[in-house]
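Enquirer: Below are the sequence and a predicted model for it; my questions follow.
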Amino acid sequence: MPGHDVIVIGASAGGVEALSTIVGGLPADLPASIFVVLHIPAQSPSYLPNILRRRGRLPALQASDGQKIKKGHIYVAPPDCHLLVSEDVIRVVHGPKENRSRPAVDPLFRSAAEAFGPRAVGVVLTGSLDDGTLGLRAIKLGGGLAVVQDPNDALFPSMPSSALMHVDVDYVLPLEGIPALLTELAYAQVQEREFSVPEKTKLENEIVEKDLSDPAVLDRLGTASHFACPECHGTLWEMHDGNLLRFRCRVGHAYTADSMLAEHNESLEGALWAALRALEESASLSLRMAERARDQNHRHVVERFMAKANEAQANAELVRKLLMTQDELTEQPTE
């Protein structure tokens with residue numbers, strides 16, 4: 001009988017250190033394949049495969065589309081692409097962003113749930129917000145196992161905390177204990193049996209892999225909402241996964257409620273900075289016009305431009321205070 005031969009791991013902030021610790025504790029003859037998603041900026045080269053090769057005994061490489069899966073290997077999602085798995089082949093696709101990220105954890109986890117069912121182990125590590133929660137739930141629904149880093153042990157506890165809140169997790173333990181557990185699970189036999197995952201999981205896998213944008217497909221996932229996608233401004237379909245509220249738009253961008261709120265907050269901050277710049281430029285221009293009018297002895301014109309300058313400066317001060325409040329709210333912990 002096979003073991004848990006597919007291990008999918010997701011991490012964000014603080015993830016390099018966490019992944020290095022896990023890989024450093026795995027044996028060279030691990031009878032499982034490991035797939036890793038770490039949130040990284042789209043334009044940044046990924047040095048993670050090199051780091052993991054140096055820290056552990058297993059070969060680590062950046063995944064490529066169509067690559068055959070080998071046991072005892074670590075496959076890392078490349079920048080700006082989602083990493084998916086099928087029964088024996090890796091898929092690397094550009095696809096729409098999920099939870100503000102590409103690569104994102106949820107697509108990898110969902111694909112593992114559909115392809116490997118009870119042979120899959122999902123691991124959620126340190127990170128901000130809640131990417132990985134829905135994917136880990138899909139793994140559980142497919143009969144696989146869910147492992148979460150103890151939030152008290154995580155540099156950024158939001159991702160593991162969210163997973164614990166919404167998923168029936170099998171193991172919660174500090175980082176140092178995860179390598180031994182994964183080794184044990186890789187060797188533990190799994191009874192071969194038929195398995196199935198929800199239709200919604202399959203549909204969402206198709207959306208990412210094949211870039212489906214048919215509203216009829218989205219109607220099978222949820223209902224059209226009154227909200228607009230923060231990324232493309234199209235209609236969002238509202239979906240419910242257990243007690244999790246989430247959204248997906250026509251072109252495939254997907255958000256949990258928390259990730260969408262974070263995106264809106266970021267957009268709001270950008271709009272406020274633009275407003276502050278415009279108001280300060282308006283005040284400066286009005287002052288310049290007042291000086292010119294004063295030089296020409298146009299007293300009434302001076303008064304009019306000075307009034308405009310004072311009004312713009314007062315409004316700019318209000319926007320500046322709003323920005324300071326926004327920064328204070330953003331700095332509050334989300335856990």
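Expert: Okay, I see it. Because the structure is a prediction, the values reported are computed rather than measured. Residues are numbered from 1 along each chain as shown.
Enquirer: for the chain, longest helix please?
Expert: For the chain, the helix that runs over the most residues, judged by DSSP state H, is helix 257-295.
Enquirer: Surely Val92 is in a helix?
Expert: No: assessed by DSSP: H, G, I helix; E, B strand; the rest coil, Val92 does not belong to a helix; its assignment is strand.
Enquirer: Going by neighbour count, list what's buried in the longest helix of the chain.
Expert: The neighbour-count criterion (16 or more other Cβ atoms under 10 Å) identifies 258-260, 262-263, 272, 275-276, 279-280, 282-283, 286-287, 289-290, 293 as the buried residues of helix 257-295. Backbone N, C-alpha and C define where each C-beta goes, glycine included.
Enquirer: What of stretch 179-196?
Expert: Residues of stretch 179-196 classed as buried: 179, 181-183, 185-186, 190, 195 (neighbour count, 16+ other Cβ under 10 Å).
Enquirer: do stretch 196-216 as well
Expert: Under the neighbour-count rule (16+ other Cβ under 10 Å), stretch 196-216 has 197, 200-202, 204-205, 207-209, 212 buried.
Enquirer: same deal with stretch 161-178?
Expert: Using 16+ other Cβ under 10 Å as the test for burial, stretch 161-178 gives 161-164, 166-167, 169, 171-172, 175, 177-178.
Enquirer: now, which of those residues lie within strands?
Expert: Secondary structure assignment (DSSP state E) places 171-172 from the buried residues of stretch 161-178 within strands.
Enquirer: Restricted to helices, list the buried residues of stretch 161-178.
Expert: The helices in this structure, assigned by DSSP H, contain 161-164, 166, 178 from the buried residues of stretch 161-178.
Enquirer: closest to Asp219 among the buried residues of stretch 161-178?
Expert: Nearest to Asp219 out of the buried residues of stretch 161-178 is His166 (Cβ to Cβ; 24.5 Å).
Enquirer: Tell me the spacing between that closest one and Asp88.
Expert: Using Cβ to Cβ, to the nearest Å, we find His166 at a distance of 31 Å from Asp88.
Enquirer: From the buried residues of stretch 179-196, which land in helices?
Expert: Using DSSP H to define helices, the subset of the buried residues of stretch 179-196 located there is 179, 181-183, 185-186.
Enquirer: Any chance of those in a markdown table with distance to His4 as columns?
Expert: Shown next, in a markdown table, are those (distance: Cβ to Cβ, whole Å):
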| residue | distance to His4 |
| --- | --- |
| Pro179 | 14 |
| Leu181 | 10 |
| Leu182 | 8 |
| Thr183 | 10 |
| Leu185 | 4 |
| Ala186 | 6 |
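Enquirer: what's the burial count for Arg100?
Expert: A count of nearby residues for Arg100, using other Cβ atoms under 10 Å, gives 20.
Enquirer: Give the phi and psi angles for it, as a check.
Expert: Torsion angles at Arg100 (phi, psi; degrees, to the nearest 10) stand at phi 70, psi 10.
Enquirer: For this structure, which segments count as strands?
Expert: For the chain, the strands defined by DSSP E cover 6-11, 33-38, 60-62, 74-76, 82-85, 90-93, 120-124, 145-149, 171-173, 223-228, 235-241, 244-249, 254-256.
Enquirer: Tell me how far the closest residue to Ala18 other than its chain neighbours lies from Leu287.
Expert: Computed as Cβ to Cβ, 6 or more residues apart in numbering, the closest residue to Ala18 that is not its neighbour in sequence is Leu125, at 4.6 Å. According to Cβ to Cβ, Leu125 and Leu287 sit 54 Å apart.
Enquirer: Surely the residue nearest to Ala18 is in contact with Ala11?
Expert: Yes: taking Cβ atoms under 8 Å as the contact criterion, Leu125 and Ala11 are neighbours in contact, 3.9 Å apart.
Enquirer: what is in contact with these two at once?
Expert: 18-19, 159 (Cβ atoms under 8 Å, 6 or more residues apart in numbering).
Enquirer: From these, keep the buried residues only.
Expert: By the neighbour-count criterion of 16+ other Cβ under 10 Å, the shared contacts of Leu125 and Ala11 include these buried positions: 18-19, 159.
Enquirer: Same list (these) but as CSV, adding distance to Val147.
Expert: Supplementary listing: those in CSV, determined by distance: Cβ to Cβ, whole Å:
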residue, distance to Val147
Ala18, 12
Leu19, 14
Met159, 13
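Enquirer: Which ones among those residues lie within helices?
Expert: Judged by DSSP H, helices contain the following of these: 18-19, 159.
Enquirer: Distance to Arg320 and pLDDT for the residues you listed - can I get that in JSON lines?
Expert: Written out in JSON lines, the entries for those read as follows (distance: Cβ to Cβ, whole Å; pLDDT from 0 to 100):
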{"residue": "Ala18", "distance to Arg320": "38", "pLDDT": "98"}
{"residue": "Leu19", "distance to Arg320": "40", "pLDDT": "98"}
{"residue": "Met159", "distance to Arg320": "33", "pLDDT": "98"}
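Enquirer: Nearest to Arg250 among those residues?
Expert: Proximity of those to Arg250, judged by Cβ to Cβ, is greatest for Met159, which lies at 27.5 Å.
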